[in-house]
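Novice: 3D model of this:
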Amino acid sequence: MKVIAFLGSPSKGGNTELLLKETVRAIEDSGITVQVFNLNLMNIMPCQNCGGCEETGRCVYDDDMSQIYDAIRSADRIILASPVFFFSLSAQTKIMIDRCQAFWCEKYLLKKPMPEGPHKRKGLLLLVAGMKKNIGIECSEVTAKAFFRTISVPEHRTLGYTGVDAKGDILKHPAAFKEAYEAGKKLAKV
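Specialist: Residues are numbered from 1 along each chain as shown. Sure, this is the predicted structure:
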């Protein structure tokens, strides 16, 4: 089984990364390697809405997104981890999602959706928000749901934590690490 994860946080060792590491630990404890893409360290140009992918389902720009396209095509499990900024996913996460317009064209214009594969593609969304209200989690989840649907991940679970603002605050959350580990274990099951 192939598992990939996208870390969309710009904060090295921040709350989102700590939560993702716990999820990855659970999957690796199950004997499965996880390929993690640190989006903040990648050279990914924003979508130019040029229409270049409309006839082929392939982006015309060649940057680090090429690695991501290949990984998404072959993945059985996909984890998306992002902090919530201004009621939305981080810019790093959103740039990657926007560049998945090529997959949208392939699926909806060219009628060539990605196959679910032998393990039935599944996803996990990890969100960490500083504000205490749940609206940032809800707004971010809408975007993530569109992303998962576009890349033919029909089922995903969301773990969202609010009131986690200062670096390391996630360590004080009573259930976060236990839930993240359990979600990773569940994701690793066929």
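
Novice: can you pull out the helices in the chain?
Specialist: Listed in chain order, the helices found in the chain under DSSP state H are 15-29, 65-74, 91-98, 101-104, 135-150, 176-188.

Novice: Save those helices as CSV, and put in mean pLDDT and distance to R157 too.
Specialist: To be clear about C-beta, it is placed using only N, CA and C from the backbone, and glycine gets the same treatment. As requested, the helices of the chain are exported to CSV (pLDDT from 0 to 100; distance: least, CB to CB, whole Å):
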stretch, mean pLDDT, distance to R157
helix 15-29, 97, 11
helix 65-74, 96, 18
helix 91-98, 98, 17
helix 101-104, 96, 21
helix 135-150, 96, 11
helix 176-188, 96, 6
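
Novice: can you tell me which of these comes nearest to N49?
Specialist: Of all the helices of the chain, helix 101-104 sits nearest to N49, with 7.7 Å by CB to CB.

Novice: okay, the helices of the chain in a markdown table with mean neighbour count and distance to N38 next?
Specialist: Formatted as a markdown table, these follow (neighbours: other CB atoms under 10 Å; distance: least, CB to CB, whole Å):
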| stretch | mean neighbour count | distance to N38 |
| --- | --- | --- |
| helix 15-29 | 22 | 8 |
| helix 65-74 | 16 | 12 |
| helix 91-98 | 21 | 9 |
| helix 101-104 | 20 | 21 |
| helix 135-150 | 18 | 18 |
| helix 176-188 | 19 | 18 |
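
Novice: now those helices as CSV including distance to A81?
Specialist: As requested, the helices of the chain are exported to CSV (distance: least, CB to CB, whole Å):
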stretch, distance to A81
helix 15-29, 4
helix 65-74, 14
helix 91-98, 8
helix 101-104, 20
helix 135-150, 10
helix 176-188, 10
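
Novice: The residue nearest to the spatial centre of the chain: what's it in contact with?
Specialist: By CA atoms, centre = their mean, the mean C-alpha position of the chain lies nearest to L80, the distance being 1.8 Å. Contacts of L80 were listed using CB atoms under 8 Å, 6 or more residues apart in numbering, and they are 5-6, 8, 93, 123-126, 144, 147-148.

Novice: which residues does it form a beta bridge with?
Specialist: F6, L125 (DSSP bridges).

Novice: ok, back up a step: looking at the helices of the chain, which is nearest to C59?
Specialist: Taking these one by one with CB to CB, helix 101-104 is closest: 4.4 Å.

Novice: how about the CA coordinates for the closest one, as CSV?
Specialist: Extracted as CSV, the C-alpha positions of helix 101-104 are listed here (Å, rounded to 0.1, in the frame of the first residue of the first chain):
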residue,chain,number,x,y,z
GLN,A,101,-6.8,21.5,-11.7
ALA,A,102,-5.1,19.2,-14.2
PHE,A,103,-6.7,16.2,-12.4
TRP,A,104,-10.1,18.1,-12.4
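
Novice: which other residues reach it?
Specialist: Residues contacting helix 101-104 (CB under 8 Å, 6+ apart): 47, 49, 53, 57-59, 69, 72, 114, 150-151.

Novice: Same question for stretch 38-51.
Specialist: 6-10, 60-61, 63-65, 68, 92-93, 95-96, 98-99, 101.
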